[in-house]
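Q: sequence first, predicted model second:
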Amino acid sequence: MEHARMEHACMEHAEARRDLAAALRFTARLGMHEAIANHYSLAVSDDGRRFLMNPYGKHWSKMRASDLLELDADADVETGGNVDPTAMAIHGALHRNVAHARCVMHVHSKYATALACLKDPTLPPIDQNTMRFYNRVAIDDGFDGMGLGDEAERLGRALGNHSVMIMGQHGLLVVGPTVAQCFDDIYYFERAAETYITALSTGRELNVASDAVAEKTARQWAEYPGFAEKHLAAIREILDDEEPDYRN
């Protein structure tokens with residue numbers, strides 16, 4: 001009976017699992033992962049407390065839909081087997097405490113993490129990708145260890161009503177309503193950070209846009225029709241051709 005229940009649950013969330021597995025695999029292709037570290041999660045219950053998450057020890061490049069764990073943010077889960085302890089702490093806290101965090105993506109990608117290591121990790125509006133995030137990023141400067149216990153609870157408070165957070169001395173956190181939206185944000189934030197860090201490396205003066213232009217561009221990004229959904233669909237089309245086992 002329990003096996004049948006679990007099989008039904010997997011079928012019920014089949015497309016959600018495929019979206020999340022595709023995002024994990026493509027993040028690995030882009031070199032934005034850390035092998036078996038970092039995690040993506042997606043709520044599958046109305047209250048957000050039941051969620052899918054990649055298991056501990058599975059490489060992102062090999063992730064399949066059926067590999068994803070279904071977890072309860074309120075349960076005492078035994079970690080150290082298939083469940084990463086810091087991931088359960090951070091993602092569980094966010095799914096419990098942050099209503100708009102239906103999907104949660106956390107990475108230590110190269111350029112976003114380099115930005116998070118600066119004394120001032122603000123991302124200035126110097127091109128249209130950086131302008132996308134103008135005045136829309138929370139900055140957490142309270143790093144106090146690996147994300148267990150109180151640290152995990154604190155991250156939700158630091159995020160507030162934002163969807164993107166630079167985790168000082170740590171990495172990048174993105175939350176949102178869907179896998180498509182979160183992946184699109186995490187992809188473009190990393191591109192934006194790469195542009196900024198590269199521009200800084202020239203040692204020359206930055207050409208920073210006015211507040212009016214930066215805000216206008218950010219709104220245009222937000223209103224662009226169907227962009228995130230088309231982005232994820234394009235990724236899944238590539239994987240359907242080249243690595244169709246992600247769907248299994």
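A: Thanks, I have it.

Q: with only the CA atoms kept, save the lengthiest helix in the chain in PDB.
A: The longest helix of the chain (DSSP state H) is helix 179-201. The C-alpha trace of helix 179-201 is given here as PDB (Å, rounded to 0.1, in the frame of the first residue of the first chain):
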ATOM      1  CA  VAL A 179      11.200  26.300 -11.600                       C
ATOM      2  CA  ALA A 180      11.200  28.300 -14.800                       C
ATOM      3  CA  GLN A 181      11.200  31.700 -13.100                       C
ATOM      4  CA  CYS A 182      13.900  30.800 -10.500                       C
ATOM      5  CA  PHE A 183      16.200  29.200 -13.100                       C
ATOM      6  CA  ASP A 184      15.800  32.200 -15.400                       C
ATOM      7  CA  ASP A 185      16.700  34.600 -12.500                       C
ATOM      8  CA  ILE A 186      19.600  32.500 -11.400                       C
ATOM      9  CA  TYR A 187      21.000  32.300 -14.900                       C
ATOM     10  CA  TYR A 188      20.700  36.000 -15.600                       C
ATOM     11  CA  PHE A 189      22.000  37.000 -12.200                       C
ATOM     12  CA  GLU A 190      25.200  34.900 -12.800                       C
ATOM     13  CA  ARG A 191      25.600  36.500 -16.300                       C
ATOM     14  CA  ALA A 192      25.100  39.900 -14.700                       C
ATOM     15  CA  ALA A 193      27.700  39.200 -12.000                       C
ATOM     16  CA  GLU A 194      30.100  37.900 -14.600                       C
ATOM     17  CA  THR A 195      29.800  41.200 -16.600                       C
ATOM     18  CA  TYR A 196      30.300  43.300 -13.400                       C
ATOM     19  CA  ILE A 197      33.300  41.300 -12.200                       C
ATOM     20  CA  THR A 198      34.900  41.400 -15.700                       C
ATOM     21  CA  ALA A 199      34.300  45.100 -15.900                       C
ATOM     22  CA  LEU A 200      35.900  45.600 -12.500                       C
ATOM     23  CA  SER A 201      38.900  43.700 -13.600                       C
END
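
Q: go through it and flag the buried ones.
A: Using 16 or more other CB atoms under 10 Å as the test for burial, helix 179-201 gives 179-197, 199. Where you see a C-beta, it was placed from the backbone N, CA and C, and this is true even at glycine.

Q: what's the answer for stretch 55-68, then?
A: Applying a neighbour-count criterion of 16+ other CB under 10 Å, one finds 55, 56, 58, 60, 63, 64, 65, 67, 68 buried in stretch 55-68.

Q: quick check: end-to-end length of that stretch?
A: End-to-end distance for stretch 55-68: 6 Å, by CA to CA, to the nearest Å.

Q: can you check stretch 195-214 too?
A: One end of stretch 195-214 sits 16 Å from the other (CA to CA).

Q: next: stretch 165-181.
A: Its start and end residues considered, stretch 165-181 measures 15 Å (CA to CA).

Q: same check, this time on stretch 76-95
A: For stretch 76-95, the end-to-end distance is 15 Å (CA to CA).

Q: contacts for that stretch?
A: 37-39, 41, 43, 48-49, 51, 53, 55-57, 69, 71, 73, 101, 104, 106, 146-149, 151-153, 155-156, 159, 175 (CB atoms under 8 Å, 6 or more residues apart in numbering).

Q: how far does it sit from the chain's center?
A: Centroid separation between stretch 76-95 and its chain, computed with CA atoms, centre = their mean, to the nearest Å, is 16 Å.
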